[in-house]
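Novice: need coordinates for the below:
(one chain, ligands or ions: 1)
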Amino acid sequence: MSERFDFSILGGGISGLLTAYELSQAGFSVCIVDISAVGRESSWAGGGILLPLYPWRQASSISDLAVASLALYPDLAADLLAQSHIDPEFVVSGLLLSALPDRPAALDWCRRYQIRYQLPEAPFHPALECHFDQPLWLPDIAQARNPRLLKALKTTLQQRGVIFFEHCQVHTIKHQNQHITQLLAQDKTFSPGHLVVTTGAWTSTLFAHLLPDITPPPAIKPVKGQMLLFDSQPELLPFMVLEHDRYLIPRQDGKILAGSTVEDAGFDKHTSDTARQQLYQFATAILPALKDYPVSHHWAGLRPGSDEGIPCISLHPDIDNLSINAGHFRNGLGMGPASARLLADLILDRPPLLNPEPYQLKDYQ
Ligand SMILES: Cc1cc2nc3c(=O)[nH]c(=O)nc-3n(C[C@H](O)[C@H](O)[C@H](O)COP(=O)(O)OP(=O)(O)OC[C@H]3O[C@@H](n4cnc5c(N)ncnc54)[C@H](O)[C@@H]3O)c2cc1C
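Specialist: The predicted model follows:
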C-alpha cells in the first residue's frame, strides 16, 4: 500500500529534522525517511559551535545564515525543551579566539553583524595556556549539545505526528512530466507529496543513483572530521576556545570536546591514532589540566563538503515538487535553523527570511 504525505524528507540529520520542524509547524503532514537511524551521522558527530570558524574569511552568505540562526536558536531550544523535556543545552558560553593575524577583518565583521566583542588580555583564564596573539572574545556566541538537540527534535516531531521511517532505503524515485510521483523502498511505496532532499554528504551520490537525468545540486563530497571527548569535571573551562582552526568545547556536565580534523577520505569513517595524538596534544597544550582526565570517546563524522561551504537551499528548477537543503560543510548546526526556515519560506511561498539567491540551484542545461 502507498503511504501519502504532504512532505517527504529524505535524510534525518539536523537539516532534515529542522525542515520537518518548519513544515509540520505550518500544519502539513510530514514523514522523514532515513537509510540509517535518524540523527547519527554528521549532525551527531559535530561539535555544536554555533558560529562558523573565522567567518570573516568565508563568503558572507555563510555568515548571513549563521547570524540569522543564532537569533532563532533561543526560541527553538526553549520550544524543544518544553515539548520533549530533553534539554538541547543551548548555552551562550562565549568563544575565545586566541590568535588572529587578521583581527582587523574580524572586528569589521563583528561590527557589520552587530556581534559584541572585547579585546582581551592574557592571562584570560588561569587554566589556559594559549598562544595569545591579537585575541578576540565573543561573549554572545553559543553552543548546542548536538546529540541532545537531535533527540529533542525527534521527540518533538513525533509528538506533532511526523512519521519516521528509519533503516529504510529508497531504491527508486519515479518522476514524470517534471513531477516526482513515487518513492519505492523495499517494503514500502510512498506518494511523497513534495520531496525534500536533506541527505548531507550523500546528496551527490543520491542524485547520481536515483535522479541521474535531472539537474543535480552543486557537488557535495564527504569531508571527514575526528573529535575527542575528555571525561573532565565542571568548571575546568567555562567557555569555548578556538586556536589555529582547532577548538575546545566544554559541555554543561564538564566533559570537554577537542576538535577537529579535516580529511579527504571519501566515505571512510574510521578513526586514526595520528588524529587522536594531534587532537590530544592540542587539547593538553592549551589546557594542561586535561592531562588529568581520560579520553572517553574518539569518533569521526562526514561533513557535507560543498563549494566554499555554501549550502544548496533551493526549490528544484525543473521538478515542481522537489527541493534541497544540503551541503552545509562545517556549519550545519550553526546554519541549520535559518536554512530550514528559508527553505520552508520558498516552498510555502512566504516572504523569505533571507535573500535566497546565493543558495539557489540553477538550471544550467
Ligand atoms: C567532527 C565534526 C565537527 C563539526 N563541528 C560543527 C560545529 O561545531 N558547528 C556546526 O555548525 N557544524 C559542525 N559540523 C558540521 C555539521 O555537523 C554538518 O554540517 C551537519 O551535521 C550536516 O547536517 P545534515 O543533516 O546535512 O547531514 P547529516 O547529519 O549527515 O544527515 C544526513 C542524513 O541523511 C541520511 N542519508 C544518507 N543517504 C540517504 C539515503 N540515500 N536515503 C535516506 N537517507 C539518507 C543519513 O543516514 C543521515 O541521517 C561538524 C562536523 C563534524 C564531522
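
Novice: only C-alpha atoms from now on, for both contacts and neighbour counts.
Specialist: Noted.

Novice: which residues in the protein form helices?
Specialist: Using DSSP state H, the helices found in the chain span residues 14-25, 42-45, 60-84, 103-113, 146-159, 203-210, 273-286, 336-347.

Novice: contact partners of the last one?
Specialist: Among residues not part of helix 336-347, those counted as contacts by Cα atoms under 8 Å, 6 or more residues apart in numbering are 14-15, 18-19, 22-23, 65-66, 68-69, 72-73, 313-315, 325, 350-354, 356.

Novice: out of these, which are buried?
Specialist: The neighbour-count criterion (16 or more other Cα atoms under 10 Å) marks 14-15, 18-19, 22-23, 65-66, 68-69, 73, 313-315, 325, 353-354, 356 among those as buried.

Novice: name the nearest residue to Thr155, sequence neighbours excluded.
Specialist: The shortest distance from Thr155 to any non-neighbouring residue, by Cα to Cα, 6 or more residues apart in numbering, is to Ser84 (5.6 Å).

Novice: what sits against the one you found?
Specialist: Residues 152-153, 155-156 are the ones in contact with Ser84 under the rule Cα under 8 Å, 6+ apart.

Novice: Gly193 too?
Specialist: Gly193 neighbours (Cα under 8 Å, 6+ apart): 4-8, 321.

Novice: pull the most distant pair out of those.
Specialist: Greatest spacing in the contacts of Gly193, by Cα to Cα: Arg4 and Asn321 (14.0 Å).

Novice: that older thread, so which of the contacts of helix 336-347 also contact the ligand?
Specialist: Restricting those to those near the ligand by Cα under 6 Å from any ligand atom leaves 14-15.

Novice: Arg4 and Asn321 - which one has more neighbours?
Specialist: Neighbours per residue (other Cα atoms under 10 Å) separate Arg4 from Asn321, with Asn321 holding more: 20 against 16.

Novice: wouldn't that one be in contact with Gln176 here?
Specialist: No: with contact defined as Cα atoms under 8 Å, Asn321 does not count as touching Gln176 (11.2 Å).

Novice: and the stretch 101-250 of the chain, which of its residues are near the ligand?
Specialist: If contact is defined as Cα under 6 Å from any ligand atom, the residues of the stretch 101-250 of the chain in contact with the ligand are 169, 198-202, 206, 224-227.

Novice: neighbouring strands of the lowest-mean-pLDDT helix or strand in the chain in the sheet, and parallel or not?
Specialist: Least confident helix or strand of the chain, by mean pLDDT, DSSP states H and E, is strand 2-4 with a mean of 85. Each strand that strand 2-4 pairs with, and the sense of that pairing, follows from DSSP bridges: strand 188-191 (parallel).

Novice: can you say which of the helices of the chain is nearest to Ile180?
Specialist: Between the helices of the chain, helix 203-210 lies closest to Ile180; by Cα to Cα that is 11.6 Å.

Novice: what does the closest one rub up against?
Specialist: Residues lying outside helix 203-210 but in contact with it, judged by Cα under 8 Å, 6+ apart, are 171-173, 197, 199, 216-221, 326.

Novice: compare the contacts of Ser84 and tell me which is most surrounded.
Specialist: Leu153 (27 neighbours).

Novice: mind listing what that one touches?
Specialist: 17-18, 21, 80, 84.

Novice: the ligand: which of those residues is nearest?
Specialist: Leu17 (7.5 Å; Cα to the nearest ligand atom).

Novice: find the nearest non-adjacent residue to that closest one, please.
Specialist: Leu153 (6.6 Å).

Novice: let me know the pLDDT of that neighbour.
Specialist: Each residue has a pLDDT score; the one for Leu153 is 98.

Novice: what's the answer for Tyr364, then?
Specialist: According to the per-residue confidence, Tyr364 scores 51 in pLDDT.

Novice: likewise Glu121?
Specialist: In the predicted model, Glu121 carries a pLDDT score of 85.

Novice: give me the neighbour count for it.
Specialist: The burial metric for Glu121, expressed as a neighbour count using other Cα under 10 Å, is 14.

Novice: gap between it and Phe132?
Specialist: Plainly put, Glu121 is 8 Å away from Phe132 if you go by Cα to Cα, to the nearest Å.

Novice: Arg276 now?
Specialist: Computed as Cα to Cα, the Arg276 to Phe132 distance reads 25 Å.

Novice: of the two, which one has the most company?
Specialist: Set side by side, Arg276 and Phe132 show more neighbours around Arg276, with 21 against 17, by other Cα under 10 Å.

Novice: separation between Pro358 and Glu308?
Specialist: Counting by Cα to Cα, the gap from Pro358 to Glu308 is 11 Å.

Novice: top of the residues of the stretch 101-250 of the chain next to the ligand by neighbour count?
Specialist: Taking other Cα under 10 Å as the neighbour criterion, Gly200 ranks highest of those with 32 neighbours.

Novice: burial count for Met240?
Specialist: As a burial measure, the neighbour count of Met240 was computed by other Cα under 10 Å and equals 25.
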